[in-house]
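S.K.: here's my sequence, what's the structure:
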Amino acid sequence: MIEIQGTDPNMIANNLKSAYPTHPGEVLKEEVEYRKLSQRKLAEHMGISYKMLNDILNCRRPVTAQTAMLFEASLNIPADSLLRLQMKYNMRQAAENPSFMERLKQVRKHATML
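M.R.: Prediction:
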């Protein structure tokens, strides 16, 4: 987080968070639709089930290293970019989980005891 004396850290552009995290499936779905690709044909080309592809594109399943590499080979979208989006999505989801955040707070509190 960037800090500037006398400025609210939440008002610094580099510190802003999006209203909701972006699942890589959203990006992939837009690309598939823009290219007018059939999900069934793409799934067949990638060697995965239609259901798996559809679940990814509808943000019900995460992009794994393997599926990211398959998307890169099929659509020329860098796998590392998809995985970064997935990681940020996962972290944002964890940060929005109150019970996990309480647990994290307790771990931080007791970290000095190690």
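S.K.: show me what contacts Asn90?
M.R.: By Cβ atoms under 8 Å, 6 or more residues apart in numbering, the residues touching Asn90 are Pro62. Yep, even glycine has a C-beta here, placed from its N, CA and C like the rest.
S.K.: same thing but 10 Å
M.R.: Shown in contact with Asn90 (Cβ atoms under 10 Å, 6 or more residues apart in numbering): 21, 23, 62.
S.K.: now Pro98: how far from Leu104?
M.R.: To Leu104, Pro98 is 11 Å away according to Cβ to Cβ, to the nearest Å.
S.K.: now Gln66
M.R.: To Leu104, Gln66 is 29 Å away according to Cβ to Cβ.
S.K.: okay, and for the chain, where does confidence drop off?
M.R.: 1, 9-18 (pLDDT under 70).
S.K.: remind me, longest helix of it?
M.R.: When the chain is parsed with DSSP state H, its longest helix is helix 79-95.
S.K.: which helices and strands sit right next to the helix or strand hosting Lys105?
M.R.: Using DSSP states H and E, Lys105 maps to helix 98-110. With contacts taken as 3 or more Cβ pairs under 10 Å, 6 or more residues apart in numbering; DSSP states H and E, helix 98-110 sits against helix 79-95.
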